[in-house]
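Peer 1: need a 3D model of the sequence below.
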Amino acid sequence: MSTLPISKKRPRLPRERNPLELTAPIRVADDEGVLRPMLRLALPALGEQMLNLTIMLSDQILTGMYFSTDHIAAVGTVSYLMWLVYELFVVVAIGATALTARFIGQKQPDLANRVANQALLMGCLLAIPATILGLIYGREIILWLDLQGNAVGYASSYMGYVFWFLPLIMVETVLLACLRGVGDTRTGMWVMLMVNAVNILVSWGLVQGWGPLPELGWDGVAIGTSAALATGGSILLILFLRGQSGLQLRLPYLKPDFDLIRRLLKVGIPGGLDILMMISCQIWFLTLINGLGNLSAAAHNVAIKIEAFAFLPGTAFQVAAATLAGQYLGAKNYRKASHSILVTSIVTLSFMTLIGLVFYFGGEGLASLMVGADRAGKREVIELSARLLQIIAFSMPSLAVLMILAGALRGAGDTRWPMVINLLGFLALRIPGTYLLFGYGFGVEAAWWLMLADLTFRASLVSVRFFQGGWQRINV
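Peer 2: From the prediction side, this is the model:
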């Protein structure tokens, strides 16, 4: 989620600017059109999302090239857990984006900075117990996901490295959310570029034993990802200490401000519960598919990884919609807030429909790239993954509408309705439907048809909420 401060021009960078400050926030005039500021926010966010996805894609490709089907199933499950790890701090992140956006729209940058400091304080209070619980109960979490055979041990050893770095993952999640709120989507892109460089060099180097690096096999994949995550959080912490886009760590601002905390939680708790419950339902859905065996689990996870490409424009333009909505609402320009969301929805729908066509006609080639077409025992995974991608291709228009409208509502502070809508989709349709179909002997393809129905259902409901207009009257 990102935002645009409202002023007439992009400010010139001061000559005495901190050399560590990567970017300045984007500023637009209140009478400026929507398309240009939307693109100026979305394109850097798209770069960030592509680089973020590249981390797990690198792990997936590396696993497909050098390891077994059990490893592929393990790394797919790990991707869900990594998603959950990042979203542990979403309660803070969603509230921080919404509040910083409103304060920038109201031309109160000092209050936006106070929000960033309070958000970091709250993130620390979440990260410490989460790290302890992850280190103690990590294997139990993997077992709960119903992986089979050797995949359990592979996933457990991977996450055993990652849990040590939860505090730095928190720093990355919370500070990037604050930067998006003030209109800076470019810092995240530059940070993720550095993170990817570390991940590729260390992971591939340790798997293959490049130069002086030892050949560690599967552990090398996990160590490389952990080193990359630590790099991202460390860079952002340094930037925050030195000052970035008007946000800077200040000890007086770290003293608990219970009014700001209350306002953060008012928006963040429903939004955070929405994301966390959605992820929990996704993991529940994964456990049902894992129960079908490692072939279904591997194909599902390969197809999910490829489907994640569709989320790149969706998430990037979602950031732009949330930022524009939040800042225009802060400036009390309700017409511009609505118009920006509609324009962003149309642009995103066009992009994602094209991606759906690629999935439908090129799914087998994409799956081959992910798992290695010439490796023995991989052909069945490739063919099943391609069929799953053909199914989900039909959902791309609905997914575009759902992502943009739900993200815009969260950026406006209307976090309760997306939570209700997502729960209805999962708990009234996808999960019970999967139990029913699996009980009658259907396989993973049936579950993906249910995914299509679920996305269409939720997109319809969130559209009703948007056009009803109640999100414009939310106080944060």
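
Peer 1: which of the residues in the helix or strand hosting Pro270 are buried?
Peer 2: In this assignment (DSSP states H and E), Pro270 forms part of helix 258-290. Neighbour-count burial for helix 258-290 flags 260-261, 263-264, 266-276, 278-279, 281, 283-286, 288-290 (criterion: 16 or more other CB atoms under 10 Å). Quick note: C-beta positions are derived from backbone N, CA and C, even for glycine.

Peer 1: then the host helix or strand of Leu409 to PDB, C-alphas only?
Peer 2: Under DSSP H and E, the secondary-structure element containing Leu409 is helix 396-411. Below are the C-alpha coordinates for helix 396-411, written out as PDB (Å, rounded to 0.1, in the frame of the first residue of the first chain):
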ATOM      1  CA  MET A 396      -7.600 -13.400 -13.700                       C
ATOM      2  CA  PRO A 397     -10.300 -10.700 -14.300                       C
ATOM      3  CA  SER A 398     -11.900 -11.500 -11.000                       C
ATOM      4  CA  LEU A 399      -8.600 -11.600  -9.100                       C
ATOM      5  CA  ALA A 400      -7.700  -8.100 -10.600                       C
ATOM      6  CA  VAL A 401     -10.900  -6.600  -9.300                       C
ATOM      7  CA  LEU A 402     -10.700  -8.200  -5.900                       C
ATOM      8  CA  MET A 403      -7.100  -7.200  -5.300                       C
ATOM      9  CA  ILE A 404      -7.500  -3.500  -6.300                       C
ATOM     10  CA  LEU A 405     -10.800  -2.900  -4.600                       C
ATOM     11  CA  ALA A 406      -9.900  -4.700  -1.400                       C
ATOM     12  CA  GLY A 407      -6.500  -3.000  -1.300                       C
ATOM     13  CA  ALA A 408      -8.100   0.400  -1.800                       C
ATOM     14  CA  LEU A 409     -10.600  -0.200   0.900                       C
ATOM     15  CA  ARG A 410      -7.800  -1.100   3.300                       C
ATOM     16  CA  GLY A 411      -5.900   2.000   2.300                       C
END
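
Peer 1: summarise which helices and strands that helix is packed against.
Peer 2: Applying 3 or more CB pairs under 8 Å, 6 or more residues apart in numbering; DSSP states H and E, one finds that helix 396-411 contacts helix 90-105, helix 294-330, helix 334-371, helix 416-425, helix 444-468.

Peer 1: wait, doesn't Leu46 sit right on Phe311?
Peer 2: No: applying CB atoms under 8 Å as the test, Leu46 and Phe311 come out as separate, 10.7 Å apart.

Peer 1: what's the spacing between stretch 314-324 and its chain's center?
Peer 2: Relative to its chain's centre, stretch 314-324 lies at 12 Å (CA atoms, centre = their mean, to the nearest Å).

Peer 1: rounded mean pLDDT for it, please.
Peer 2: If you average the pLDDT over stretch 314-324, you get 87.

Peer 1: next: stretch 50-68.
Peer 2: Averaging pLDDT along stretch 50-68 yields 79.

Peer 1: who's in contact with that stretch?
Peer 2: Residues from elsewhere that reach stretch 50-68 (CB atoms under 8 Å, 6 or more residues apart in numbering): 71-72, 74-76, 78-79, 82, 150, 189, 192-193, 195-196, 199-200, 203-204, 207-208, 217-218, 221, 225, 228, 302, 305, 308-309, 311-312, 369-372, 375, 377-378.

Peer 1: residues near Arg180, how many?
Peer 2: 31 (other CB atoms under 10 Å).

Peer 1: and if you look at Met189?
Peer 2: 20.

Peer 1: likewise Arg114?
Peer 2: 21.

Peer 1: could you look up the SS state of Asn475?
Peer 2: coil (DSSP: H, G, I helix; E, B strand; the rest coil).

Peer 1: contacts only, for it.
Peer 2: Contacts of Asn475 by CB under 8 Å, 6+ apart are Gly413.

Peer 1: more neighbours: Leu46 and Phe311, which one.
Peer 2: Shown here are Leu46 and Phe311; by other CB under 10 Å, Leu46 has more neighbours (22 against 17).

Peer 1: residues contacting Leu39?
Peer 2: Applying CB under 8 Å, 6+ apart, the residues contacting Leu39 are Ala320.

Peer 1: by how many degrees do the helix or strand where it lies and helix 334-371 diverge?
Peer 2: Taking DSSP H and E as the criterion, Leu39 maps to helix 35-66. Here the directions of helix 35-66 and helix 334-371 differ by 20 degrees (axes from the mean of the first three to the mean of the last three CA atoms, to 10 degrees).

Peer 1: ok now helix 35-66, how far from the chain's centre?
Peer 2: 10 Å.

Peer 1: just name the shakiest helix or strand of this structure by mean pLDDT.
Peer 2: helix 69-87 (a mean of 76; mean pLDDT, DSSP states H and E).

Peer 1: same for it, what does it pack against?
Peer 2: helix 35-66, helix 109-144, helix 151-162, helix 166-181, helix 258-290, helix 294-330.

Peer 1: again, only using 6 Å
Peer 2: helix 35-66, helix 151-162, helix 258-290, helix 294-330 (3 or more CB pairs under 6 Å, 6 or more residues apart in numbering; DSSP states H and E).

Peer 1: closest to Val347 out of the ones you listed?
Peer 2: Closest of those to Val347 is helix 294-330, at 6.3 Å (criterion: CB to CB).

Peer 1: low-confidence stretches in the stretch 101-250 of the chain?
Peer 2: Across the stretch 101-250 of the chain, the ranges flagged by pLDDT under 70 are 146.

Peer 1: again, only this time at 80
Peer 2: Scanning the stretch 101-250 of the chain for pLDDT under 80 picks out 138, 141, 143-149.

Peer 1: what does stretch 151-160 contact?
Peer 2: 70-71, 73-74, 77-78, 81, 138-139, 142, 222 (CB atoms under 6 Å, 6 or more residues apart in numbering).

Peer 1: now with 7 Å, please.
Peer 2: Contacts to stretch 151-160, defined as CB atoms under 7 Å, 6 or more residues apart in numbering, come from residues 70-71, 73-74, 77-78, 81, 138-139, 142-143, 147, 218-219, 221-222, 294.

Peer 1: could you do stretch 132-150 as well?
Peer 2: 70, 73-74, 77, 152, 155-156, 159-160, 163, 166, 283, 286-287, 290-291, 293-294.

Peer 1: could I get the CA-only coordinates of that stretch as PDB?
Peer 2: The C-alpha trace of stretch 132-150 is given here as PDB (Å, rounded to 0.1, in the frame of the first residue of the first chain):
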ATOM      1  CA  ILE A 132      10.800 -17.500  20.400                       C
ATOM      2  CA  LEU A 133       7.700 -19.500  19.400                       C
ATOM      3  CA  GLY A 134       9.000 -20.200  15.900                       C
ATOM      4  CA  LEU A 135      12.300 -21.600  17.200                       C
ATOM      5  CA  ILE A 136      10.600 -23.800  19.800                       C
ATOM      6  CA  TYR A 137       7.600 -25.000  17.800                       C
ATOM      7  CA  GLY A 138       8.800 -24.800  14.200                       C
ATOM      8  CA  ARG A 139       8.700 -28.500  13.500                       C
ATOM      9  CA  GLU A 140       5.300 -28.900  15.000                       C
ATOM     10  CA  ILE A 141       4.000 -26.200  12.600                       C
ATOM     11  CA  ILE A 142       5.400 -28.100   9.600                       C
ATOM     12  CA  LEU A 143       3.800 -31.400  10.900                       C
ATOM     13  CA  TRP A 144       0.500 -29.600  11.100                       C
ATOM     14  CA  LEU A 145       0.600 -28.800   7.400                       C
ATOM     15  CA  ASP A 146       0.400 -32.600   6.600                       C
ATOM     16  CA  LEU A 147       3.500 -32.900   4.500                       C
ATOM     17  CA  GLN A 148       4.500 -36.500   3.900                       C
ATOM     18  CA  GLY A 149       7.800 -38.400   4.000                       C
ATOM     19  CA  ASN A 150      11.100 -36.700   3.800                       C
END
